[in-house]
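Trainee: Build the 3D model from these lines:
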Amino acid sequence: MSTPGPRQFPATRMRRMRRDDFSRRLMQESTLTPSDLILPVFVLEGENQREAVASMPGVERLSIDLLIEQAREAFELGIPALALFPVVGPEHKSEFAEEAYNAGGLIQRSVRALKAALPELGIITDVALDPYTSHGQDGILDEHGYVQNDRTVDTLLKQALSHAEAGADVLAPSDMMDGRIGAIRRVLEQDNLHNIRIMAYSAKYASAYYGPFRDAVGSAGNLGKADKRTYQMDPANTDEAIHEVALDISEGADMVMVKPGMPYLDVVRRVKSELGVPTFAYQVSGEYAMHRAAFDNGWLDADAVILESLMCFKRAGADGILTYFALDAARLLSAQR
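Mentor: Below you'll find the predicted structure:
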């Protein structure tokens, strides 16, 4: 029996299923819930300290005590995890990023405090050296200013282990050094830290969308006019992203990340379709800043666009989304129940 071809109008009227809310809901292909969201947060030293990020209106750097309050709200809204990023003072920055693996460092203390206050909240830590280097690069430089891969990985291992020992649930290497996932996994196994998950920033592009984030963590001034093109990916490439993801999975990553988000949803789709692995995407600081500017000027409807933009990630195949709109989105979703 031959398969019938597509029905033509008027036998098929595509608007029929759009007529009512119930039928639109029945055929909805993608869904968005607070469980899909991860909230990135910036933590700074001190007590009862908060600092606005000028290029990211509505986002603040918070001391650990205030961060716990924000984390509690996120948890109560159903957000499953926070991603921590440190604001490191110049006194703790150095050529070799020794502060990155200080057991009493800011991130290590933040992890311990958050796990003590909210043990069921997932804590994701950034494994990268750029907040801690005096030059703003993600690794250790040679005499020509080139980031040394293997020497950097040695330092990343120390940083990753210090985060795991502090109680981090997920390590998220965002540095784009070759071989670092396998090296971290081996160290975790050797130390019987079998259940520490790795979320690899596998397809992290050398993007111009990161500017506000670098302001927030204080690395923009150190980096100056330098770039990260010798280790982050060329925005022109997608086949390379598939190769990177496959390598990281083979080395022991549990989840992979595409960064930035919306301009790279084609990469998210390819990763999910071709490799079928847990796939995450980051709605980065530049995306947030553009949206917020449009909201603040009345050019776009904030509530509608926040949820639409995040649904686009889900439609593309993302299992979860790191977004500075996580609290806003979770509140909106909760109100819809």
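
Trainee: Let me see the contact set for the residue nearest to residue 302 when sequence neighbours are not counted.
Mentor: Excluding its sequence neighbours, the residue lying closest to residue 302 (CB to CB, 6 or more residues apart in numbering) is residue 295, at 4.0 Å. In short, each C-beta sits where N, CA and C put it, glycine included. With contacts defined as CB atoms under 8 Å, 6 or more residues apart in numbering, residue 295 is in contact with 301-302, 305.

Trainee: Turn those residues into a markdown table, columns for distance to residue 287 and neighbour count.
Mentor: Listed next are these as a markdown table, based on distance: CB to CB, whole Å; neighbours: other CB atoms under 10 Å:
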| residue | distance to residue 287 | neighbour count |
| --- | --- | --- |
| 301 | 17 | 11 |
| 302 | 14 | 16 |
| 305 | 11 | 15 |
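
Trainee: Kindly indicate which of those lies nearest residue 281.
Mentor: Residue 281 has its nearest neighbour among those in residue 305, at 17.1 Å by CB to CB.

Trainee: Would you mind measuring from the closest one to residue 258?
Mentor: 21 Å (CB to CB, to the nearest Å).

Trainee: What is the end-to-end distance of stretch 45-59?
Mentor: 17 Å (CA to CA, to the nearest Å).

Trainee: Tell me the buried residues in it?
Mentor: The neighbour-count check on stretch 45-59 (16 or more other CB atoms under 10 Å) flags 49, 53, 55-56, 59 as buried.

Trainee: Restricted to helices, list those.
Mentor: Among those, no member falls in helices (DSSP state H).

Trainee: how about those, which pair is most distant?
Mentor: 49 and 55 (19.2 Å).

Trainee: Check which element follows the helix or strand where the residue nearest to residue 302 lies along the chain.
Mentor: With elements taken from DSSP states H and E, the one containing residue 295 is helix 285-296. Scanning forward in sequence from helix 285-296 by DSSP H and E, the next helix or strand is helix 302-316.

Trainee: Let me know the angle separating that next one from helix 285-296.
Mentor: 150 degrees (axes from the mean of the first three to the mean of the last three CA atoms, to 10 degrees).

Trainee: need the next SSE after helix 302-316, C-terminal direction.
Mentor: Immediately after helix 302-316, counting by DSSP H and E, sits strand 320-323.

Trainee: Could you verify my assumption that residue 39 touches residue 83?
Mentor: Yes: here residue 39 reaches residue 83: they are 7.0 Å apart, a contact under CB atoms under 8 Å.

Trainee: Between these two, point out the one with more neighbours.
Mentor: residue 39 (26 against 20; other CB atoms under 10 Å).

Trainee: So what does that one look like in phi/psi?
Mentor: Backbone geometry at residue 39, expressed as degrees, to the nearest 10, gives phi -100, psi 120.

Trainee: measure it to residue 26 for me?
Mentor: 31 Å.

Trainee: Straight-line length of stretch 225-240, end to end?
Mentor: 26 Å.

Trainee: Give me the mean pLDDT for it.
Mentor: The average pLDDT within stretch 225-240 is 91.

Trainee: Buried residues in that stretch, which are they?
Mentor: 228, 231-233, 235, 238.

Trainee: Just list the residues touching residue 170, thanks.
Mentor: So residue 170 contacts 81, 122-125, 196-199, 255 (CB under 8 Å, 6+ apart).
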